[in-house]
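*Asks:* This is the structure alone, sequence omitted:
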C-alpha cells in the first residue's frame, strides 16, 4: 500500500496549519490541503475575514490575516510540511490507509485530520439569492469598503455580527444591526463598542422578510414596524447568522456528527470515532470556538496521529 | 456576601494569564494570583524555565520567558485584570461564593480557576536531599551555567529531559542522559538533536542508586555497570523525572482528582465536578500538556465562568 504521507490535513486555516507545524516536529510527513476555488477562502482560512483579533494569547492586537500569516510561516519553517492548494472531493479508507482525492491529484496517507471549518449559513428569504453580491454579502471585511457612505444592515446577533457591524461602520454612513432575539449576544467588550458607536443602531426582536431592489438592493421588508414602517431603505445587507460545519467529506468514512453536523471529537485527544481520523477547530463540536481553541485542538490531533502511527511501527 | 471579584485565577503562568485576558474581554472582574515565595516561580510560570519554545503556533522560536512576557503584557492590557503576587493557603466555599485566603490578604469571588500547574518530582535516593543545590538541581535553564566545563548527568527520558540535556550541554563539557527505559521518549526533533550532539551521551536501562560527595557532588552510583564501572564521576545531577500536579488546594472543595492527582476536567468546557470551579493547564488531566493546550483551556475556563455567572444575574 502506498503511503505518501503520514498525516494529511484537510483545510489550511490556523487550525490546519498549526497541526502541520506540530506534526512535522513529531517527525510526520505532513500534507496540508487548502481549497482553491475562487468562491472559497485561500490558505489562512476564515480568520482572514476578521479585521481585528485581540484574543489570541500572545498578540495584543493584529489582523486575522496577520495571525494566519504568522502561523503559515511557522508551518512552512519545517521541511516535513507540504502545503498544496487543492480541493478535496472524496476520502476513501482502505484498511489502515486513506486515499484523499483532490481536484488536481490523489494523495495517500496513514491518518487524516478534518480542519475544514465552516461556511456561512445562507439567509433564505425572497431576494436573498437574487441579490447575492448585488447588495447581499457575507464577508464584512471583504466587502465593507464597497458600501462607503451607504446605508446598510447587518443581520444577526452573535459576536461575529457585532464585529461585522463595527467593521462596516468604518465605511457606511449608517448601520442597522437587526437581530431576531431580545439582546445581542456578542462579547461584552464588543457589545459596549456597538452600543457606543454613533453610526450603529440596534433593532432587536425583528426579522427581515424580503430583500428588494432593481439592479441592486434598495430596501428590505421587516416583520415588525421600525419607526412606523415595515420597509427600511438601504443599499446593503451583511448576513451574519451563523455557520454550518463543513463535515460532508467525513460522512462516508463513518465519522459521527452531532445534530448541528459538527464532528464529535474526544476533547482530550481530538480523535473521532474512526481510528486514524481526527477533527479540530470550527468543524468540531466544541461549543466555544475560537482561533486559540482550534489551534490547540489541531496540535493535539497531530500528537494523537503520531501516537497512533508509532504504535503500528 | 462580599464578591470583590467575579473570577479568581490561582496561578500566573501562561494558562492563568491567558484566562485573565479572556475573562476581562468577557467583562469579568478578574484577579490572577501568582506565588511569591523564593522557592517558587514568579509570574510566567514553569515555561520561564524553558530555553527555547518552538511549538506555540504563531511564534517560530522564542524563549519561554519571552512567551510568558508577551502573554502577561496581553493580560495587563485590560483594566479588569489585577495580578497580585500572593501565595494561596486555602480556598473555602460559602454557598455560591468563594473565599481565597492568601498569605498577604483574603479575597472573595464567584468563580475559581486552578491554573496551579505542577512541581518537579523529587529524586528520592541516598544523597539527593543532602546535595540539593550542591550539585543536585531541578531547573536546567536556571542552573546550567553553574556547571561550565563540568561533567554532569541529566536523569530522565522525557522531552523535558532531552531539552534539559541540550541546554546543559551548552555549558558542561560532558552530559550523560541517564534513563531507566529502553529508549528516550522525547519529540523526534529533540531526540535527533540529542543523539547528534558531540557532548551528550545517552545511557539507557540504568538507574542512579546514590549520589556521593564531600562538600558537593563528586560521583553517582549506577545499578548497572557503564564502561565497566558502577561509579560515574561527575559534578552535577540535573533531575528531570517528571512533575506532580499542584492540586492540594482543590481537595477540600470536593474537586475530583485522578490517580495522578490531576484535576479531572470536562475538556469541552474546563469545568471540574464542582460548580464554579474550573481547572486548566498542567494541573488538569489532559495527557498531552503543552503551553498551547493550557492556554486554550484557560480561555475556555474564562468563557465557562462567564456563562455560569451570566445565568445567575
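*Replies:* Yep, that arrived. What you are looking at is a predicted structure, and each value in this text was computed from that prediction instead of being measured.
*Asks:* wait, what's in contact with residue A:127?
*Replies:* Counting by Cβ atoms under 8 Å, 6 or more residues apart in numbering or on different chains, residue A:127 touches A:136, A:210-213, A:217. All C-beta spots, glycine's among them, are computed from the backbone N, C-alpha and C.
*Asks:* As a markdown table, these with pLDDT and secondary structure would be great.
*Replies:* As requested, the contacts of residue A:127 are exported to a markdown table (pLDDT from 0 to 100; DSSP: H, G, I helix; E, B strand; the rest coil):
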| residue | pLDDT | secondary structure |
| --- | --- | --- |
| A:136 | 95 | strand |
| A:210 | 98 | strand |
| A:211 | 98 | strand |
| A:212 | 97 | strand |
| A:213 | 97 | strand |
| A:217 | 98 | strand |
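*Asks:* can I get these in JSON lines with distance to chain B and neighbour count?
*Replies:* JSON lines is the format used below for the contacts of residue A:127 (distance: Cβ to the nearest Cβ, whole Å; neighbours: other Cβ atoms under 10 Å in any protein chain shown):
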{"residue": "A:136", "distance to chain B": "31", "neighbour count": "25"}
{"residue": "A:210", "distance to chain B": "35", "neighbour count": "14"}
{"residue": "A:211", "distance to chain B": "34", "neighbour count": "26"}
{"residue": "A:212", "distance to chain B": "38", "neighbour count": "16"}
{"residue": "A:213", "distance to chain B": "38", "neighbour count": "17"}
{"residue": "A:217", "distance to chain B": "34", "neighbour count": "24"}
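*Asks:* Tell me the one among these nearest to residue B:258.
*Replies:* Among these, residue A:136 lies closest to residue B:258 (Cβ to Cβ), at 51.8 Å.
*Asks:* Chain neighbours aside, what residue packs nearest to the closest one?
*Replies:* Nearest in space to residue A:136, with sequence neighbours left out and distances taken as Cβ to Cβ, 6 or more residues apart in numbering or on different chains, is residue A:237 at 4.8 Å.
*Asks:* Okay, that neighbour and chain B: tell me how far apart.
*Replies:* Distance from residue A:237 to chain B, counting by Cβ to the nearest Cβ, to the nearest Å: 28 Å.
*Asks:* Tell me what that residue is bridged to.
*Replies:* Here residue A:237 sits in beta bridges with residue A:136, residue A:153, going by DSSP bridges.
*Asks:* For it, give me the pLDDT.
*Replies:* Looking at residue A:237, its pLDDT reads 98.
*Asks:* can you pull the contacts of it?
*Replies:* Taking Cβ under 8 Å, 6+ apart as the test, what residue A:237 contacts is A:123, A:128, A:131, A:135-137, A:152-153, A:155, A:208, A:211, A:217, A:220.
*Asks:* Residue of the stretch 51-200 of chain A closest to chain B, please.
*Replies:* Per Cβ to the nearest Cβ, residue A:188 is where the stretch 51-200 of chain A lies closest to chain B, at 3.5 Å.
*Asks:* What values do phi and psi take at the nearest residue to that residue once chain neighbours are set aside?
*Replies:* Leaving aside its sequence neighbours, residue A:188 sits nearest to residue B:27 (Cβ to Cβ, 6+ apart; 3.5 Å). The phi/psi pair for residue B:27 (degrees, to the nearest 10) reads phi 80, psi 10.
*Asks:* just residue A:306 next, same as before
*Replies:* According to degrees, to the nearest 10, residue A:306 has phi -60, psi -50.
*Asks:* And it, how far from chain B?
*Replies:* From residue A:306 across to chain B, the span is 8 Å (Cβ to the nearest Cβ).
*Asks:* residue contacts, that residue?
*Replies:* For residue A:306, the contact set (Cβ under 8 Å, 6+ apart) comprises A:23, A:26-28.
*Asks:* For the residues you listed, pick the one with the most neighbours.
*Replies:* The most crowded member of the contacts of residue A:306, judged by other Cβ atoms under 10 Å in any protein chain shown, is residue A:23 (33 neighbours).
*Asks:* Report the buried residues of the helix or strand where residue A:90 lies.
*Replies:* Residue A:90 is part of strand A:88-94 when elements are defined by DSSP states H and E. For strand A:88-94, a neighbour-count test (16 or more other Cβ atoms under 10 Å in any protein chain shown) marks A:88, A:91, A:93 as buried.
*Asks:* Direction included, what does the helix or strand following it pair up with?
*Replies:* Going down the chain from strand A:88-94, the next helix or strand is strand A:97-102, by DSSP H and E. In the sheet, strand A:97-102 lines up against strand A:88-94 (antiparallel), strand A:106-114 (antiparallel) (DSSP bridges).
*Asks:* Now do strand A:97-102: everything it contacts.
*Replies:* A:1-3, A:8, A:10, A:33, A:84, A:86-92, A:106-112, A:276.
*Asks:* Rounded mean pLDDT for it, please.
*Replies:* In this model, strand A:97-102 has a mean pLDDT of 96.
*Asks:* Contact partners for residue A:258?
*Replies:* Residue A:258 neighbours (Cβ under 8 Å, 6+ apart): A:264, A:285.
*Asks:* where does it fall, phi/psi-wise?
*Replies:* Per degrees, to the nearest 10, the backbone of residue A:258 is at phi -90, psi -170.
*Asks:* Buried ones among the contacts of strand A:97-102?
*Replies:* Neighbour-count burial (16+ other Cβ under 10 Å) is assigned, among the contacts of strand A:97-102, to A:8, A:10, A:33, A:84, A:86, A:88, A:91, A:107-112, A:276.
*Asks:* Among those, which one lies nearest to residue A:160?
*Replies:* Looking across those and measuring by Cβ to Cβ, the closest to residue A:160 is residue A:10, at 23.2 Å.
*Asks:* so the closest one touches residue A:109, yeah?
*Replies:* No - with contact defined as Cβ atoms under 8 Å, residue A:10 does not count as touching residue A:109 (10.6 Å).
*Asks:* For the stretch 201-313 of chain A, what lies in contact range of chain B?
*Replies:* A:266-269, A:285-288, A:290, A:292-293, A:295-300, A:303-304 (Cβ under 8 Å from any Cβ of the partner chain).
*Asks:* Equivalent analysis for the stretch 51-200 of chain A, please.
*Replies:* Within reach of chain B by Cβ under 8 Å from any Cβ, the stretch 51-200 of chain A has these residues: A:54-60, A:67, A:70-71, A:73-74, A:77, A:187-189.
*Asks:* Let's see that with 10 Å instead.
*Replies:* Residues of the stretch 51-200 of chain A lying close to chain B (Cβ under 10 Å from any Cβ of the partner chain) are A:54-62, A:66-71, A:73-78, A:80, A:187-192.
*Asks:* Summarise which helices and strands the worst-scoring helix or strand of chain A on mean pLDDT is packed against.
*Replies:* When the helices and strands of chain A are scored by mean pLDDT, DSSP states H and E, helix A:140-143 comes last with a mean of 84. When contacts are defined as 3 or more Cβ pairs under 10 Å, 6 or more residues apart in numbering or on different chains; DSSP states H and E, helix A:140-143 packs onto strand A:151-155, helix A:159-168, strand A:236-239.
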